[in-house]
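Colleague: I'll drop the sequence and a predicted model, then ask my questions.
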Protein chains: 4
Amino acid sequence: MTLRIIATGGTFDKHYNELNGTLGFSDSHLPAAIARARITIGVQLEQLPLLDSLDMQDSDRARVLASCRAASEKAIVIVHGTDTMKETAAVLGPADLGKTIVLTGAMIPYEIDNSDAFFNLGFACAVAQTLPAGVYVAMNGQIFAWDNVQKNKAAGVFQPL
Amino acid sequence: MTLRIIATGGTFDKHYNELNGTLGFSDSHLPAAIARARITIGVQLEQLPLLDSLDMQDSDRARVLASCRAASEKAIVIVHGTDTMKETAAVLGPADLGKTIVLTGAMIPYEIDNSDAFFNLGFACAVAQTLPAGVYVAMNGQIFAWDNVQKNKAAGVFQPL
Amino acid sequence: MTLRIIATGGTFDKHYNELNGTLGFSDSHLPAAIARARITIGVQLEQLPLLDSLDMQDSDRARVLASCRAASEKAIVIVHGTDTMKETAAVLGPADLGKTIVLTGAMIPYEIDNSDAFFNLGFACAVAQTLPAGVYVAMNGQIFAWDNVQKNKAAGVFQPL
Amino acid sequence: MTLRIIATGGTFDKHYNELNGTLGFSDSHLPAAIARARITIGVQLEQLPLLDSLDMQDSDRARVLASCRAASEKAIVIVHGTDTMKETAAVLGPADLGKTIVLTGAMIPYEIDNSDAFFNLGFACAVAQTLPAGVYVAMNGQIFAWDNVQKNKAAGVFQPL
């Protein structure tokens, strides 16, 4: 079993820039998170441009799809912003790639107290290894089919349609 | 889907006692960890006596088995010390309870920097929801059958026999 | 010796709002920080409106001055945003209140990894107890007179004029 | 102003060894803590053998004294275990070195949640820069003369005799 983890940015990877006081992107936290998780199966980390998912364009989602298609691994975790996770899932789902593709992210950045990021990463890494081929969203300790999920922005949680 | 999480102690739940400078047990970190994970499925947390797994006796493992047997949930995560995780798994496996039971733990306590605990909890919560009935050990981002796992104490990782 | 700590906001107290993904203000981190520091002298925490110091108006600085003037303690720490710390110091300095008033803050919020906030708080609490009456800025492990300090925004550090 | 920081171990620098599950010593946390504090004055870090202060012998205290004596800096912070901090202070005090020497430490290791270590380091760095030559213990946000301090082990706090 080898796992591909694709970083695309999102809240999970937001970083506080102390010079201008804003949250943006710098290096991904995923190399540190993967080491901290002490994962002993093979992991291929692929870093795409790190974006706020509200800034993602069709071309950005096409690039994620291309990465999934090109991957030799059958198990893929995509770390993604929560706001348009379902839109990217809706690009990946119909492509029917014959792989288990799991989108996850975080409500609070990895580097901020009380973050859910590390739990979600662990959760998604298991889903990618255990479910049949398909596209899933894994958030809030729940697994959603790509075509039956939405973010309830007022409550800050994912739920079925 | 409802999940039962059974706390039994182990490194995951070790707590630094500042009055005597030792690592022992106080309140479990699991209520805080579950809240932080923002889990939206039902979770039943059951706290058994918190023990270093090297101190676990047959009667302690029998109590874990009794809890699993009594549980109404079909998905169970057991947070357990790593040193005798396989021994407890070997008690649960042959009991053939018709539930998906996943043992996990941590190499570093939840409250200490660089801990794998929160990742492992997320990983195990997914395994419990996705795999068929059986008993599994989930550590190092890997899933092991209860009768094909061992802790490599020199390397600090789990591996097949 | 009793110490007054006045919270005015700033980066130190910024809080990540997971519903809208922005850094703003909620409850101050100071009650938790003071408890964590295990301070055994008397501490009076006074919370003023929590503001980004770039949003501070003359009336806000007048309120800080009024709090310092009204305080019965001779040792005062003000937790303040870094961007206009010197402007508030320049209001307090000439008032000549006969108290040791120390402004501090943080380059990274208390709740974010790698924050300097807790160190700075400790540093300022000592300066307030040890220096003669006057107004000081305490950042970067250095003590500056209120009329000989500036923030080098490009480098993210405080330095003399 | 240049500051010397002398690491001698103690709770501050305890490190969790994940292979044997014990707290011991590995690399000091002080290089990371000093960087995180963004100190802009000169800092000389001197690492002596890292010891639990209960294991300190007369020869260990003599080595601390020798380091203080040899130091070219007038401001010295010693990071030390809390249990025999006053014993080392009692060796340094009568030596009358003409330097401001401040002993500090932590009730909870730097790497464990809710640690006071980083606050104490900041506090001590200010005391070393502001008080006249002498030997002090700085804990719990308080400054104690070397010959009027004791650790109340039941309460876990420092207090005068």
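Modeller: That came through, no problem.

Colleague: right, and the helix or strand after the lengthiest strand in chain A?
Modeller: Across chain A, the longest stretch assigned as strand under DSSP state E is strand A:42-51. Moving toward the C-terminus from strand A:42-51, the next helix or strand (DSSP states H and E) is helix A:58-70.

Colleague: Give me the buried stretch members for that next one, please.
Modeller: A:60-61, A:63-65, A:67-68 (16 or more other CB atoms under 10 Å in any protein chain shown). In short, each C-beta sits where N, CA and C put it, glycine included.

Colleague: ok, of those, which one's closest to chain B?
Modeller: For these, the residue nearest chain B by CB to the nearest CB is residue A:68; the value is 19.6 Å.

Colleague: Could you check the pLDDT of the closest one?
Modeller: On pLDDT, residue A:68 comes in at 98.

Colleague: circling back to that earlier point, list just the nearest of the buried residues of helix A:58-70 to residue A:115.
Modeller: Among the buried residues of helix A:58-70, residue A:64 lies closest to residue A:115 (CB to CB), at 22.8 Å.

Colleague: was I right about the closest one contacting residue A:6?
Modeller: Yes: the pair residue A:64 and residue A:6 qualifies as a contact (CB atoms under 8 Å) at a distance of 6.8 Å.

Colleague: What's the mean pLDDT across the longest strand of chain A?
Modeller: The predicted model gives strand A:42-51 an average pLDDT of 98.

Colleague: can you check stretch A:20-30 too?
Modeller: Computed over stretch A:20-30, the average pLDDT equals 96.

Colleague: Report whether that stretch contacts chain C.
Modeller: Yes: if you take CB under 8 Å from any CB of the partner chain as the test, stretch A:20-30 does meet chain C, through A:21, A:23.

Colleague: and the residue of chain A most remote from its centre, which of the three is it?
Modeller: For chain A, the residue at maximal distance from the C-alpha centroid (CA atoms, centre = their mean) is residue A:19, at 27.7 Å. Under the three-state scheme (DSSP: H, G, I helix; E, B strand; the rest coil), residue A:19 adopts coil.

Colleague: before we move on, the earlier item: list the buried residues of the longest strand of chain A.
Modeller: A:43, A:45-48, A:50-51.

Colleague: Return the member of the buried residues of helix A:58-70 nearest to chain C.
Modeller: Comparing the buried residues of helix A:58-70 against chain C with CB to the nearest CB places residue A:60 closest, at 18.2 Å.

Colleague: Give me the distance between the closest one and residue A:121.
Modeller: According to CB to CB, to the nearest Å, residue A:60 and residue A:121 sit 21 Å apart.

Colleague: all helices of chain A, in order?
Modeller: A:30-36, A:58-70, A:85-92, A:117-130 (DSSP state H).

Colleague: Pull the shortest one out as CSV, backbone CA atoms only.
Modeller: These are the backbone C-alpha positions of helix A:30-36, laid out as CSV (Å, rounded to 0.1, in the frame of the first residue of the first chain):
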residue,chain,number,x,y,z
LEU,A,30,2.3,18.4,5.5
PRO,A,31,5.9,17.2,5.6
ALA,A,32,6.0,17.9,9.3
ALA,A,33,2.6,16.4,9.9
ILE,A,34,3.4,13.2,8.0
ALA,A,35,6.7,12.8,10.0
ARG,A,36,4.8,13.4,13.2
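
Colleague: So what touches that helix?
Modeller: A:5, A:7, A:13, A:43, A:45, A:47, A:79, A:110, A:117-118, A:121, B:114-116, B:119 (CB atoms under 8 Å, 6 or more residues apart in numbering or on different chains).

Colleague: which pair in those residues spans the largest distance?
Modeller: The most widely separated members of the contacts of helix A:30-36, counting by CB to CB, are A:47 and B:115 (24.5 Å).

Colleague: What parts of chain A come near chain C?
Modeller: So far as CB under 8 Å from any CB goes, chain A lies against chain C at A:11, A:16, A:18-19, A:21, A:23, A:107-109, A:111-114, A:153-154, A:156.

Colleague: Correct me if wrong: residue A:145 contacts residue A:136.
Modeller: Yes: using CB under 8 Å, residue A:145 makes contact with residue A:136 at a distance of 6.5 Å.

Colleague: which of these two has more neighbours?
Modeller: A count of neighbours by other CB atoms under 10 Å in any protein chain shown puts residue A:136 above the other of residue A:145 and residue A:136, at 23 against 14.

Colleague: and the more buried one, what does it touch?
Modeller: Taking CB under 8 Å, 6+ apart, we find residue A:136 in contact with A:89, A:100-103, A:127, A:143-146.

Colleague: could you pick out which of these are near chain B?
Modeller: A:127, A:143.

Colleague: Is chain B within reach of stretch A:109-116?
Modeller: Yes: Stretch A:109-116 lies within reach of chain B by CB under 8 Å from any CB, at A:114-116.

Colleague: end-to-end on that stretch?
Modeller: Stretch A:109-116 has an end-to-end distance of 8 Å (criterion: CA to CA, to the nearest Å).

Colleague: What of stretch A:90-99?
Modeller: End to end - CA to CA - stretch A:90-99 spans 15 Å.

Colleague: Only the buried residues of it, if you could.
Modeller: Buried residues in stretch A:90-99 (16+ other CB under 10 Å): A:91-93, A:97, A:99.

Colleague: Looking at the residues you listed, which is nearest chain C?
Modeller: Ranked by distance to chain C (CB to the nearest CB), the buried residues of stretch A:90-99 are led by residue A:91 at 22.5 Å.

Colleague: From residue B:44, how far off is that closest one?
Modeller: 37 Å.

Colleague: Likewise for residue A:146?
Modeller: Taken as CB to CB, the span from residue A:146 to residue B:44 is 29 Å.

Colleague: Next: residue A:121.
Modeller: From residue A:121 to residue B:44 the distance is 24 Å (CB to CB).

Colleague: Also residue A:83?
Modeller: Residue A:83 is 32 Å from residue B:44, by CB to CB.

Colleague: do residue A:147 as well
Modeller: Taking CB to CB, one finds residue A:147 at 30 Å from residue B:44.
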